[in-house]
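A.B. asks: would you be able to build a 3D model of this:
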Amino acid sequence: MTETSAARGKRAKWNATHLPDLSGRTAVITGANSGIGLTAAQALARAGAHVVLAVRDLGRGGAAAATVGGSTEVRRLDLADLDSVHEFAAGWDRPLDVLINNAGVMLLPERRTKQGFEMQFGTNHLGHFALTNLLLPYVTDRVVTVASAAHRMGDGRIDFEDVNLTRGYGPQRAYSQSKLANLLFTLELQRRLTGAGSGVRALAAHPGWSATNLQNHAANPVVRVLMRTGNRFLAQDDRAGALPTLYAASQDLPGAAYVGPDGLGEMRGAPTLVGRSAAASDPEAARRLWTLSEELTGVRWGLSTTVR
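C.D. replies: Residues are numbered from 1 along each chain as shown. Next up is the predicted model:
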């Protein structure tokens with residue numbers, strides 16, 4: 001029987017079995033004890049990589065690592081505490097091929113990090129900003145930051161005058177701002193890497209609508225019910241949700257590329273290059289955010305110092 005073009009197209013869709021041999025490579029994944037972080041860790045380990053699960057709870061991280069197989073280690077990292085970020089980075093002393101900034105919180109009621117930042121912005125952006133710059137002297141290949149299609153929602157901009165949203169907090173507004181920050185961070189990180197003559201690439205990815213436990217913490221109980229319903233009937237599973245991250249972590253892509261699902265509304269499907277909002281493509285906003293992030297975290301551009 002002759003194979004149809006539709007069947008060939010379906011067969012050709014990229015998936016985790018297409019990962020190259022990653023033997024000898026090291027990847028750090030934040031938030032790797034569950035969801036797409038754990039699924040990505042499992043896939044990378046199967047491909048031969050040494051995977052470091054950077055997690056808040058070492059017990060849960062150890063249980064997750066036991067499901068990964070291959071070469072793994074578990075290290076404590078709380079992105080909502082800059083002291084923990086510094087401690088993690090201070091304990092790193094070897095080349096790092098891929099840093100995957102995956103951990104995140106979503107639609108929380110108003111909360112603050114240990115240093116007093118709005119929790120979603122502080123965890124999703126500032127924690128990863130500090131971690132990346134502290135580890136950057138060791139990174140040899142790429143930094144992948146997990147963003148979201150939600151960067152288009154909310155105000156669609158960074159509130160530079162009130163980044164902690166003290167004058168008008170809303171769970172969706174805060175989440176969207178943090179995800180927009182992820183994309184602006186990737187844009188400015190790539191500009192700086194290029195300017196420094198570095199071969200390291202900064203990329204971003206988003207999982208579409210993936211059924212994970214991330215949605216279980218929404219502040220609004222009605223939203224939680226809607227999320228659970230959507231997870232059941234609309235979402236793809238965490239294995240499919242991890243594919244854009246894995247694609248960005250392993251394929252030859254241009255710096256600042258953004259990867260997401262190829263299906264309707266980018267909610268599900270195979271990984272492909274996708275677009276972003278005009279606000280997420282604004283180089284001036286990206287530079288301004290970088291400067292603000294340095295001021296808030298006290299962490300500067302990571303290649304101002306080098307590893308001896």
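A.B. asks: let me see the ranges of the strands in this protein.
C.D. replies: 26-30, 50-55, 71-76, 96-101, 139-146, 201-205, 258-261, 271-273 (DSSP state E).
A.B. asks: so which elements touch the longest one?
C.D. replies: With contacts taken as 3 or more C-beta pairs under 8 Å, 6 or more residues apart in numbering; DSSP states H and E, strand 139-146 sits against strand 96-101, helix 128-135, helix 171-195, strand 201-205, helix 243-250. Placement of C-beta: from N, CA and C, glycine included.
A.B. asks: save the ones you listed as CSV, and put in mean pLDDT, distance to residue 17 and mean neighbour count too.
C.D. replies: CSV is the format used below for the helices and strands packed on strand 139-146 (pLDDT from 0 to 100; distance: least, C-beta to C-beta, whole Å; neighbours: other C-beta atoms under 10 Å):
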stretch, mean pLDDT, distance to residue 17, mean neighbour count
strand 96-101, 98, 19, 25
helix 128-135, 98, 29, 24
helix 171-195, 97, 27, 23
strand 201-205, 98, 18, 28
helix 243-250, 98, 11, 28
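A.B. asks: quick one: residues contacting residue 146.
C.D. replies: The neighbourhood of residue 146, defined by C-beta atoms under 8 Å, 6 or more residues apart in numbering, consists of 36, 100-102, 104, 182, 204-207, 245.
A.B. asks: spatially central residue for the chain, please.
C.D. replies: Averaging the C-alpha coordinates of the chain gives a centre point, and the residue nearest to it by C-alpha atoms, centre = their mean is residue 146 (2.3 Å).
A.B. asks: okay, that residue and residue 248: tell me how far apart.
C.D. replies: From residue 146 across to residue 248, the span is 9 Å (C-beta to C-beta, to the nearest Å).
A.B. asks: format the helices and strands packed on strand 139-146 as a markdown table; extra columns: distance to residue 265.
C.D. replies: Formatted as a markdown table, the helices and strands packed on strand 139-146 follow (distance: least, C-beta to C-beta, whole Å):
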| stretch | distance to residue 265 |
| --- | --- |
| strand 96-101 | 24 |
| helix 128-135 | 26 |
| helix 171-195 | 16 |
| strand 201-205 | 16 |
| helix 243-250 | 14 |
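A.B. asks: quick one: which of those is nearest residue 46?
C.D. replies: helix 243-250 (10.7 Å; C-beta to C-beta).
A.B. asks: quick one, the closest one and strand 26-30 angle?
C.D. replies: When axes from the mean of the first three to the mean of the last three C-alpha atoms, to 10 degrees is applied, the directions of helix 243-250 and strand 26-30 differ by 140 degrees.
A.B. asks: can you show me the CA trace of helix 243-250 as CSV?
C.D. replies: Below are the C-alpha coordinates for helix 243-250, written out as CSV (Å, rounded to 0.1, in the frame of the first residue of the first chain):
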residue,chain,number,x,y,z
LEU,A,243,8.7,18.5,23.2
PRO,A,244,9.2,22.2,22.5
THR,A,245,11.7,22.3,25.4
LEU,A,246,13.5,19.2,24.1
TYR,A,247,13.6,20.6,20.6
ALA,A,248,15.0,23.9,21.8
ALA,A,249,17.6,22.1,23.9
SER,A,250,18.9,19.8,21.1
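A.B. asks: elements contacting that helix?
C.D. replies: Helix 243-250 is packed against helix 35-46, strand 96-101, strand 139-146, strand 201-205, strand 258-261, strand 271-273, with contacts defined by 3+ C-beta pairs under 8 Å, 6+ apart.
A.B. asks: could I get the ones you listed as a markdown table with distance to residue 154?
C.D. replies: Formatted as a markdown table, the helices and strands packed on helix 243-250 follow (distance: least, C-beta to C-beta, whole Å):
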| stretch | distance to residue 154 |
| --- | --- |
| helix 35-46 | 22 |
| strand 96-101 | 20 |
| strand 139-146 | 18 |
| strand 201-205 | 18 |
| strand 258-261 | 18 |
| strand 271-273 | 24 |
